[in-house]
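A.B. asks: When you get a sec, could you give me coordinates for this:
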Amino acid sequence: MRDIAIIGAGQSGLQLAFGLLAKGYTVSVYSDRTPEEIENGFIMSSQCMFNTPLDYERELDLNFWDESCPNIDGIALSLMAPGTTDKVISWSARLDNPAQSLDQRVKMPRWIREFEKRGGKMIYESADIDTLEKLAKTNDLVVIASGKGEIGKLFKRDAERSQFDKPMRALGLVYVHGMTPRKDYSAVDFNIAPGVGEFFVFPAQTLTGDCHILVFEGIPGGPMDGWPSMHDSKACFDYGMQLLKTHFPDQALLCKNAKLTDDKGVLAGRFPPTIKNPVGELPSGAIVYGIADCVCLNDPITGQGSNNASRAAKFNLDAILKHGGNDFSRDWMRATFEGNLAEVKTCVDWTNSMLLPPPEFRLNLLGAAGEIPELASRIANNFNTPSDFAPWWFEEDEANKLLASYTP
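C.D. replies: Here you go, the predicted structure:
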């Protein structure tokens, strides 16, 4: 059977590795950290996974936390009047199937150990260009599922497809115990302060049990763009609490008894949403193939990062299996990437749209959802199937048609 090497032991890399291993492929996964180093490190994301990507994990018998991880049962949205903390739009809707959020410091070490148990090969080292040259000679395909450092530079930014050339948000994450749950049912509680930024929060499971993940998205240069160094966890926590008191006071009340889950339960940074060429060429002329965040990196404002990584793993697994014994050529890499990009294009466009001031027709949609439960439910459940946002989320005529279908 064929040999495949995967660089990166995250959502996409490991999920793809498990799928290939189950089909008899010889799979090696390279990680720059051991499971113990991951468990003892800083949080890595604000992952909230919806039902379809969770089902991809269930197909591979990787759903070890279905019974222990708290459910996320809905989506809630609030929009403030500009310059105030007064809500002009506020609604919530249940998801047809619950979502989950599991700290990747819990998930990835468990998956890595399971991968080795099932016969996969883990190599704990920081892969560099020389590593890729060696792997290209001994493997049928080298997949890059982590695009950091010099390896990431192999994949060139696609200027025509990358809508932004700079970070659109200053990002901050805080994991807390002791937050008061929202009433009615659990949800991703999304709050928008025009001209300031966004805050969303949802229940999760971390190393120390159930928690809440607080996600801050500040407009660069604005009043939420001042995160301290993430190595000062107390300063990050205090800054987050101050942002809540100033801009989202109802959420601050729910956090009056909150405390950090651990001294590495914070994360801060910024990056530009980017689409890249999926073919990386090595100095020797050999080629490697980029997937998921390595070549299609989205802002976390819609909570789709881990979901898109899972979708990429599923799509590329199916493509590799279908390809059989044929060469993994440059043309195959490009065609497979195009197929995956077409599948997630609406998700990319939807995410990018949330980073810009909304047009009036979209505000009308969000406002109408507060009066039309069916519309609120549709928006909420599209977090699981973002492709269903097209075309009405983007086109005024289609938005008006949709509203007319709900009202006399």
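
A.B. asks: domains for this protein, by residue range?
C.D. replies: Per automatic domain parsing, the structural domains of the chain span 3-62+103-163+272-353, 72-99+169-269, 360-406.

A.B. asks: And the helices in the stretch 101-250 of the chain?
C.D. replies: Here the stretch 101-250 of the chain has its helices, by DSSP state H, counting those that start in this stretch, at 104-117, 129-138, 149-152, 233-247, 249-254.

A.B. asks: Just put those in TSV and tack on mean pLDDT, distance to Val266 and mean neighbour count.
C.D. replies: To be clear about C-beta, it is placed using only N, CA and C from the backbone, and glycine gets the same treatment. Shown next, in TSV, are those (pLDDT from 0 to 100; distance: least, C-beta to C-beta, whole Å; neighbours: other C-beta atoms under 10 Å):
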stretch	mean pLDDT	distance to Val266	mean neighbour count
helix 104-117	98	13	18
helix 129-138	97	31	16
helix 149-152	90	23	15
helix 233-247	98	4	19
helix 249-254	98	17	15
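
A.B. asks: quick one: secondary structure of the closest residue to Gln205 other than its chain neighbours?
C.D. replies: Leaving aside its sequence neighbours, Gln205 sits nearest to Cys69 (C-beta to C-beta, 6 or more residues apart in numbering; 4.6 Å). Here Cys69 is recorded as coil under DSSP: H, G, I helix; E, B strand; the rest coil.

A.B. asks: Now render the helices of the stretch 101-250 of the chain as a markdown table, adding distance to Leu54.
C.D. replies: As requested, those are arranged in a markdown table below (distance: least, C-beta to C-beta, whole Å):
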| stretch | distance to Leu54 |
| --- | --- |
| helix 104-117 | 12 |
| helix 129-138 | 31 |
| helix 149-152 | 28 |
| helix 233-247 | 28 |
| helix 249-254 | 26 |
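
A.B. asks: Surely Asp96 is within a helix?
C.D. replies: No: Asp96: not assigned to a helix; according to three-state DSSP it is strand.

A.B. asks: Quick check: it vs Ile75, distance?
C.D. replies: 11 Å (C-beta to C-beta, to the nearest Å).

A.B. asks: between the two, which one's more packed in?
C.D. replies: Shown here are Asp96 and Ile75; by other C-beta atoms under 10 Å, Ile75 has more neighbours (27 against 12).

A.B. asks: Wasn't that one part of a helix?
C.D. replies: No: applying three-state DSSP, one finds Ile75 to be strand, outside a helix.

A.B. asks: buried set for the longest helix anywhere in the chain?
C.D. replies: When the chain is parsed with DSSP state H, its longest helix is helix 330-353. Neighbour-count burial for helix 330-353 flags 332-333, 336-337, 340-341, 344-348, 350-353 (criterion: 16 or more other C-beta atoms under 10 Å).

A.B. asks: CA-only coordinates of that helix in CSV, if you can.
C.D. replies: Once non-C-alpha atoms are left out, helix 330-353 reads as follows in CSV (Å, rounded to 0.1, in the frame of the first residue of the first chain):
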residue,chain,number,x,y,z
ARG,A,330,0.9,19.0,-9.5
ASP,A,331,-2.3,18.9,-11.5
TRP,A,332,-3.9,16.5,-9.0
MET,A,333,-2.9,18.8,-6.1
ARG,A,334,-4.4,21.8,-7.8
ALA,A,335,-7.6,20.1,-8.9
THR,A,336,-8.1,18.6,-5.4
PHE,A,337,-7.6,21.9,-3.7
GLU,A,338,-10.0,23.6,-6.2
GLY,A,339,-12.6,21.0,-5.3
ASN,A,340,-12.2,21.6,-1.6
LEU,A,341,-12.1,25.3,-2.0
ALA,A,342,-15.4,25.2,-4.0
GLU,A,343,-16.9,23.3,-1.2
VAL,A,344,-16.0,25.9,1.5
LYS,A,345,-16.1,29.0,-0.6
THR,A,346,-19.4,30.2,0.8
CYS,A,347,-18.0,29.6,4.3
VAL,A,348,-15.0,31.7,3.4
ASP,A,349,-17.1,34.5,1.9
TRP,A,350,-19.5,34.4,4.9
THR,A,351,-16.6,34.7,7.4
ASN,A,352,-15.1,37.6,5.5
SER,A,353,-18.4,39.4,5.3
